[in-house]
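Visitor: predicted coordinates and the sequence they were generated for:
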Amino acid sequence: MRVCWKKVIIVCLDVLLAVYIVIAFTSFGQPSEANVVCRKPYILIEDSTTNGFLDVHEIQTRLEKAHLDPDGVPFNKVDCRRIEDMLKQSAFVKTAQCYKTQNGNVFIELTQRLPVVRIKNITGDDYYVDDHNQVMPNSHYTSDMIIATGYISRWYAERYIAPMTKVIMANALWRNLIEQINVLPDRGIEIVPRIGDHIVYLGYLPESKYFKERDEEIRNFVTRKLDRLIKFYRYGLSQAGWNKYSYISLEFDNQIICKRRHTENEVASAESQPVATPQQKNPLQRQQEAEKTEKQLENTEPTE
């Protein structure tokens, strides 16, 4: 069979021409990466307005200090992987993702570790525990979150105080009611409410070496105790007076033991056990918080 080489060459040239035309059209109007200059990055932080430690200004400052700010940098010189690795070094960053588009925009998306409780123990340690029961270092961050004081080791904070706090924070009424948790030397648990001038003793958190079992028992314990406290507030203290008692014990399920507040003419017959020292707040702030919580108590039915 005779091969017509002329036709073969013509077909090959047609194919090459078609490929060239496709490449030319797809790249037409697109500048070279080396000629594209990136703009100021778009920084998106999940829950930045309500929770967490990070804000856009702080992330921008970290980029500048690490000489990784993409603003004014050629497109092909911006290293997204280096930006992600640098941001992940922060103890407050959970995940970091950086990507760029052909027109020079750079996007940085972050999720952050969310603190649920601040620990200020008897030895002077001051740190946070996040929503995954992990210790976070202290920072300039301020928020109206629960503070836990007293005899708290890091081990106890991670395994017991953090799960307890998460149960409280999951309920809007309890979250607004409680401002402080205090751990006694024997690991008895006290709470300081925002309303009234008294300490509430809950008893001892259930202990277990198994994570899921421990969390479930703590959830049941806290739910049972705080439901009883809400009922006592609604049907007891709301009638007798919020400041009638200085100490309220819910340790036993079948009774509530109250220690009456001593007046100037009364003398205590016995010394009481050590109790929490409420964290100092602005009196007006405490009054506003108490009024808000009292209104919630009036409008919320307790869980049976």
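Guide: Cool, the structure landed.
Visitor: C-alpha only now, for contacts and for neighbours.
Guide: Fine.
Visitor: tell me how many other residues crowd Ile119.
Guide: Other residues near Ile119 come to 26 when the count uses other C-alpha atoms under 10 Å.
Visitor: and it, how far from Ser208?
Guide: 22 Å (C-alpha to C-alpha, to the nearest Å).
Visitor: please name the nearest non-neighbouring residue to Ala96.
Guide: Leaving aside its chain neighbours, Ala96 sits nearest to Leu110 (4.6 Å; criterion: C-alpha to C-alpha, 6 or more residues apart in numbering).
Visitor: what's around the one you found, how many residues?
Guide: Burial measure for Leu110: 21 neighbouring residues, criterion other C-alpha under 10 Å.
Visitor: tell me the contacts of it?
Guide: Shown in contact with Leu110 (C-alpha atoms under 8 Å, 6 or more residues apart in numbering): Ile43, Leu44, Ile45, Glu46, Val93, Lys94, Thr95, Ala96, Gln97.
Visitor: what do you get if the cut-off is 7 Å, keeping everything else the same?
Guide: Shown in contact with Leu110 (C-alpha atoms under 7 Å, 6 or more residues apart in numbering): Leu44, Ile45, Glu46, Thr95, Ala96, Gln97.
Visitor: what's the helix or strand for the spatially closest residue to the second one that is not a sequence neighbour?
Guide: The reference is to Ile45. Once flanking residues are discounted, Ile45 sits nearest to Leu110: 4.8 Å by C-alpha to C-alpha, 6+ apart. Under the criterion DSSP states H and E, the helix or strand holding Leu110 is strand 106-112.
Visitor: list the neighbouring strands of that strand plus their orientation.
Guide: strand 42-45 (parallel), strand 93-100 (antiparallel) (DSSP bridges).
Visitor: and these as a markdown table, adding mean pLDDT and mean neighbour count?
Guide: Output for those, formatted as a markdown table (pLDDT from 0 to 100; neighbours: other C-alpha atoms under 10 Å):
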| stretch | mean pLDDT | mean neighbour count |
| --- | --- | --- |
| strand 42-45 | 91 | 16 |
| strand 93-100 | 92 | 17 |
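Visitor: quick one, helices of the stretch 151-300 of the chain?
Guide: Under the criterion DSSP state H, counting those that start in this stretch, the stretch 151-300 of the chain carries helices at the ranges 154-156, 162-169, 172-177, 211-232, 238-240, 283-299.
Visitor: between those helices, which one is nearest to Val183?
Guide: Smallest distance to Val183 across the helices of the stretch 151-300 of the chain (C-alpha to C-alpha): 10.1 Å, for helix 154-156.
Visitor: which strands and helices lie in contact with that closest one?
Guide: The contact analysis (3 or more C-alpha pairs under 7 Å, 6 or more residues apart in numbering; DSSP states H and E) places helix 154-156 against no helix or strand.
Visitor: Phe252: how many residues sit nearby?
Guide: The tally of other residues near Phe252 (other C-alpha under 10 Å) stands at 11.
Visitor: when you give positions from now on, start the count at 5
Guide: Okay, using 5 as the starting number, the last item reads as Phe256.
Visitor: distance of it from Arg232?
Guide: Counting by C-alpha to C-alpha - Phe256 and Arg232 are separated by 11 Å.
Visitor: remind me which residues of this protein are low pLDDT?
Guide: 5-39, 52-56, 144-147, 266-308 (pLDDT under 70).
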